[in-house]
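A.B. asks: Test case, fold it:
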Amino acid sequence: MLLSLTGCDVPGVYRPARPAGGGPFTFYVSADGDDRNDGMSPDKPWRTLDHADGARFQPGDRLRLKGGERFAGSITVDEGEAGSGTKPVVIDSYGVGRATIAPRGTSGITVRNTAGVDIRGIALVGDRTSRREGVGIALRNSLSDNRRLSHVTITNVEARGFQNGISVGADDDAVAGFSDVRIADVSLHDNLESGLVVYGPQFRAERPAYAHTGLRIDGVRAYANSGDPRSDERNTGSGISLGSVLDAKVVNSVAHDNGAKSAADAEEGPEGIWVYDSSRVVLERNRSYHNRTGSRVDGGGFGLDNNVSSSVMQYNLAYGNDGPGFLVYSGMPTGAHKNNVVRFNMSWDDARKLPEYGGIVAYGTRMKSLDIHHNTVVMRTRSLGSAAAAGVRPPALRLRDGMAGVRVANNIFATDGGPLVSTESSYGRATVKLQGNDYYSTGGWAVEWGLNRYTSLDGWRTASGQETLDGGPTGVSDDPCLSGLTAPVTDGAGAENLVPRCEGQVPLGLDPRTLGIDPGPMDYFGNDVPRTPVVGAVQPRATD
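C.D. replies: Now for the predicted structure:
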């Protein structure tokens, strides 16, 4: 039973009165309802989203929209509302299928200066104005009391037609953002700037602070987020972009065909899945492919960008991207880009548009302590786009200046004629150390080492001092038996073309522990890593 008075605690703003008894309560909305109903059962639902948005939600309340129906308007859960991790406010669908929220020039669902919210089984579709100014689901913290807002889950959601599909942000005036955020099984596509974006205040290397903690992204599909051709001063068109996060994980997610309309004059470009201004981030078991860039930079699969530390890219697959498969980059002289790992990943035919990159690329100002090991990289010139027309062949591995303490071990670098390794300078071993890798080419062996070009492993080793351990030679130029040198990788299953098919003949690598490298618990497919591993992302399966 409703109270006799409606809630008008904010002048000029109507709020439906809460029922007597305290709650929590479940409210229903249906196209065949009536806003004069109490909204507390499927038989007496409210009719409009505008009416439901006036409710002040308390811990444990639930707002249910009838599945298969479309509701114009939006929902805002504001400061003073919502619940907790144990008693969240739930927004979901009931009946058959997902309900659709169709905002009019705004965001679909906004959670502002509060948390304790679960959003499930909802589709959000923006209009023309929302594509420029709205977000499918927006989490915002503008509080200035350094308090992170805890617990938001977003599951089984679709968001399309917005500036960003989902965004999680802390304003510059707010030190803290959100913690315990889980985003799973969502589809974010055909948005203007990005599928999923997380951001926070400007990073300060002298006092590193991160707005968000405990972020878990699992099973996100971010695709066809085009980029904004009018935004020529910043990057747009990424699938998943994370900034100002501590202790975050992105797993089992896919980013593809993003960034095609990003600005040609922009100094920054999009990536499929990338991280910046963050620490202790893991990108694991994801795929990123056919991502594009309208500019002359980026457009790659995965990236650890400015001011990233103690982070790992592992067990990922990148293929057919305009830019690098895996990029590790620091453009700022902060010294905050350090202690990162790229291991057990696969890259196939990346840098299709931008040959100045490569399969794996690392460079940057004051970058230090980077391990690149047990990756498989295949570059086929025959599949290149505009790069082939220019006669430029991207390398499997490209290293440029600005780094120190880089270790490259037990990788497979394979090409059909392009350079296996290309570096900006002839690095000493204190800067870059390559050991135990397999360098194989079907079209002419070459390493571009600074201003010099070498056509044999022995010649390069002798001149550079690379590929040695305790005075002895390391590394090989043996055939790793990869179908990917002749056959395409077209999907996740196609990664089998990057698995050595000559059992027992794959070259052995070095024990990474003797090199001071932690190999991690498993290979690309979940096999144990033996004490003496083979090269590349795939280790032999254990036999009984």
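A.B. asks: going forward, measure contacts and count neighbours with C-alpha atoms only.
C.D. replies: Fine.
A.B. asks: buried stuff in stretch 196-212?
C.D. replies: Residues of stretch 196-212 classed as buried by neighbour count (16 or more other C-alpha atoms under 10 Å): L196, V197, V198, Y199, G200, P201, Q202, F203, A209, Y210, A211, H212.
A.B. asks: Quick check: beta-bridge partners of the spatially closest residue to the fifth one that is not a sequence neighbour?
C.D. replies: Nearest residue to G200 in three dimensions, chain neighbours excluded: A170, at 4.7 Å (C-alpha to C-alpha, 6 or more residues apart in numbering). Counting by DSSP bridges, A170 is bridged to N141.
A.B. asks: Return the distance of A170 relative to N252.
C.D. replies: 26 Å (C-alpha to C-alpha, to the nearest Å).
A.B. asks: which of those two has more neighbours?
C.D. replies: For the pair A170 and N252, the greater number of neighbours falls to A170 (25 against 17), based on other C-alpha atoms under 10 Å.
A.B. asks: The more buried one reaches S179, doesn't it?
C.D. replies: No - assessed by C-alpha atoms under 8 Å, A170 is found out of contact with S179, at 11.5 Å.
A.B. asks: What does the nearest residue to G417 once chain neighbours are set aside show for phi and psi?
C.D. replies: Of all residues beyond its chain neighbours, the one nearest G417 is G443 (3.9 Å), with distances taken as C-alpha to C-alpha, 6+ apart. Here the main-chain torsion angles of G443 (degrees, to the nearest 10) amount to phi -130, psi 30.
A.B. asks: now do D38
C.D. replies: Here is the backbone geometry of D38 (degrees, to the nearest 10): phi -80, psi -10.
A.B. asks: Contacts for stretch 354-362 next, please.
C.D. replies: By C-alpha atoms under 8 Å, 6 or more residues apart in numbering, the surrounding residues in contact with stretch 354-362 are 296-297, 322-329, 347-351, 377-379, 387, 392-400.
A.B. asks: Just the buried residues out of those residues, in ChimeraX syntax.
C.D. replies: Remark: buried members of those, expressed as a ChimeraX selection using 16+ other C-alpha under 10 Å:
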select :296,297,322,323,324,325,326,327,328,329,347,348,349,350,351,377,378,379,387,393,394,395,396,397,398,399,400
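A.B. asks: Okay, buried residues for stretch 120-129 please.
C.D. replies: Neighbour-count burial for stretch 120-129 flags R120, G121, I122, A123, L124, V125, G126, D127, T129 (criterion: 16+ other C-alpha under 10 Å).
A.B. asks: got it, and stretch 437-457?
C.D. replies: Of all the residues in stretch 437-457, those buried under the rule 16+ other C-alpha under 10 Å are N437, D438, Y439, Y440, S441, W445, A446, V447, E448, W449, Y454, L457.
A.B. asks: how about low-confidence regions in this protein?
C.D. replies: Counting by pLDDT under 70, the low-confidence segments of the chain come to 1-15, 174, 382-391, 542-544.
A.B. asks: For the spatially most central residue of it, what is the enclosing helix or strand?
C.D. replies: Geometric centre of the chain, nearest residue: I273, 2.8 Å, by C-alpha atoms, centre = their mean. Element membership for I273 (DSSP states H and E) is strand 271-276.
A.B. asks: and whatever helix or strand comes next after that strand with strand 271-276, angle?
C.D. replies: As assigned by DSSP H and E, the chain's next helix or strand after strand 271-276 is strand 279-284. Here strand 279-284 runs at 160 degrees with respect to strand 271-276, directions being taken by axes from the mean of the first three to the mean of the last three C-alpha atoms, to 10 degrees.
A.B. asks: Run the chain-centre distance for strand 279-284.
C.D. replies: When distances are taken as C-alpha atoms, centre = their mean, to the nearest Å, strand 279-284 is centred 10 Å away from the chain's centroid.
A.B. asks: again with stretch 36-52
C.D. replies: 39 Å.
A.B. asks: for the protein, what spans make up the helices?
C.D. replies: 49-53, 130-133, 386-389, 457-464 (DSSP state H).
A.B. asks: Can you show me the CA trace of the longest one as PDB?
C.D. replies: Presented in PDB, the C-alpha positions along helix 457-464 are these (Å, rounded to 0.1, in the frame of the first residue of the first chain):
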ATOM      1  CA  LEU A 457      72.300 -15.800 -36.700                       C
ATOM      2  CA  ASP A 458      76.100 -16.400 -36.200                       C
ATOM      3  CA  GLY A 459      77.000 -13.200 -37.900                       C
ATOM      4  CA  TRP A 460      74.600 -11.100 -35.700                       C
ATOM      5  CA  ARG A 461      75.600 -12.900 -32.600                       C
ATOM      6  CA  THR A 462      79.300 -12.300 -33.200                       C
ATOM      7  CA  ALA A 463      78.800  -8.600 -33.900                       C
ATOM      8  CA  SER A 464      76.200  -7.800 -31.200                       C
END
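A.B. asks: residues making contact with it?
C.D. replies: By C-alpha under 8 Å, 6+ apart, the residues outside helix 457-464 that reach it are S426, Y427, G428, V447, Y454, Q466, E467, T468, P473, V476, S477.
A.B. asks: Quickly check the buried residues of stretch 196-212 for the two that are furthest apart.
C.D. replies: Farthest pair in these (C-alpha to C-alpha) is L196 and A209. Separation: 21.4 Å.
A.B. asks: How about the contacts made by N307?
C.D. replies: Contacts for N307 were tallied using C-alpha under 8 Å, 6+ apart; they are A205, Y276, D277, S278, S330, M332, T334, G335, A336, H337, K338.
A.B. asks: Identify those among those that sit within strands.
C.D. replies: If you go by DSSP state E, those have Y276, S330, K338 in strands.
A.B. asks: Buried ones among those?
C.D. replies: Buried members of the ones in strands among the contacts of N307, scored by 16+ other C-alpha under 10 Å, are Y276, S330, K338.
A.B. asks: who's in contact with stretch 419-433?
C.D. replies: Contact with stretch 419-433 is made by 393-401, 403-408, 413-414, 439-441, 445-451, 464-467, as judged by C-alpha under 8 Å, 6+ apart.
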